[in-house]
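Chemist: Provide a 3D model corresponding to the input given below.
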Amino acid sequence: MLWALGAAAMWAAYIVLGKRVASGGNGLDDMSVGFVVAAVVLSPLIFTGGTGALGALGDPVVLLLAVGVGVLSSVVPYVLDQVVLRRLGQARFAVLLALLPATATVVGLIGLAQVPAGLELLGIAAVVAAVALRSRDGDTPATVSRTGG
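Modeler: Have a look, this model is predicted:
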């Protein structure tokens, strides 16, 4: 339960801070500075893996693949998050994030032929139902006309 609460708190912090970065000034420029700082801070980890890790990055193919994975798994999703956050806002972005497990399941089913088990499908259905209920909260109620007589 503590891990789930911690994960929820981190997602909430990500949404709130992401909205501030997206709304204030140059969100994408600020994010690129963050990626450069993270790369510099984490680069000593290459040397802690022994000669195998450093030697593997000496291979141009491995280095190209490592950069490709970094760009496709971090840069592209965060840039898309910034664009969406700037246009939609925090509440709708949170709803979209809640749908990520369902989207990942569909991609796994189509791309990897991974068939979800019954409990997994039940969990996905619960998330979709919660998202549907949440998205209805923002709707304005329909006006009811009353006729006399």
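Chemist: Can you show me the helices along this structure?
Modeler: Per DSSP state H, the chain carries helices over the ranges 2-23, 27-42, 45-48, 50-57, 60-70, 76-88, 90-98, 100-112, 118-137.
Chemist: buried sites along the last one?
Modeler: Taking 16 or more other Cβ atoms under 10 Å as the neighbour-count basis, helix 118-137 is seen to contain the buried residues 124, 127, 131. Glycine gets a C-beta too; all of them are placed from N, C-alpha and C.
Chemist: The second one touches residue 100, doesn't it?
Modeler: Translated: residue 127. No - between residue 127 and residue 100 there is no contact under Cβ atoms under 8 Å: 9.1 Å.
Chemist: Can you give the domain ranges for this structure?
Modeler: According to automatic domain parsing, the chain comprises the domains 13-88, 99-137.
Chemist: Going by mean pLDDT, which of those domains comes out lowest?
Modeler: Between the domains of the chain, the one with the least mean pLDDT is domain 13-88; it has a mean of 75.
Chemist: Can you give me the end-to-end span of it?
Modeler: Length of domain 13-88, first residue to last, Cα to Cα, to the nearest Å: 17 Å.
Chemist: Numbering from 20 from now on, please.
Modeler: Noted, 20 is the first residue going forward, which turns the last one into domain 32-107.
Chemist: Pull the distance from it to the chain's centre.
Modeler: Relative to its chain's centre, domain 32-107 lies at 13 Å (Cα atoms, centre = their mean, to the nearest Å).
Chemist: before we move on, what about stretch 26-35?
Modeler: Relative to its chain's centre, stretch 26-35 lies at 11 Å (Cα atoms, centre = their mean).
Chemist: What residues of it count as buried?
Modeler: residue 34.
Chemist: Now do it: everything it contacts.
Modeler: Applying Cβ atoms under 8 Å, 6 or more residues apart in numbering, the external contacts of stretch 26-35 come out as 104, 109, 112-113, 116.
Chemist: Could you give me the PyMOL syntax to select whichever of those residues are buried?
Modeler: Burial among the contacts of stretch 26-35 is assessed by 16+ other Cβ under 10 Å; the matching PyMOL selection reads:
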select buried, resi 104+109+112+113
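Chemist: Cool, thanks, talk later.
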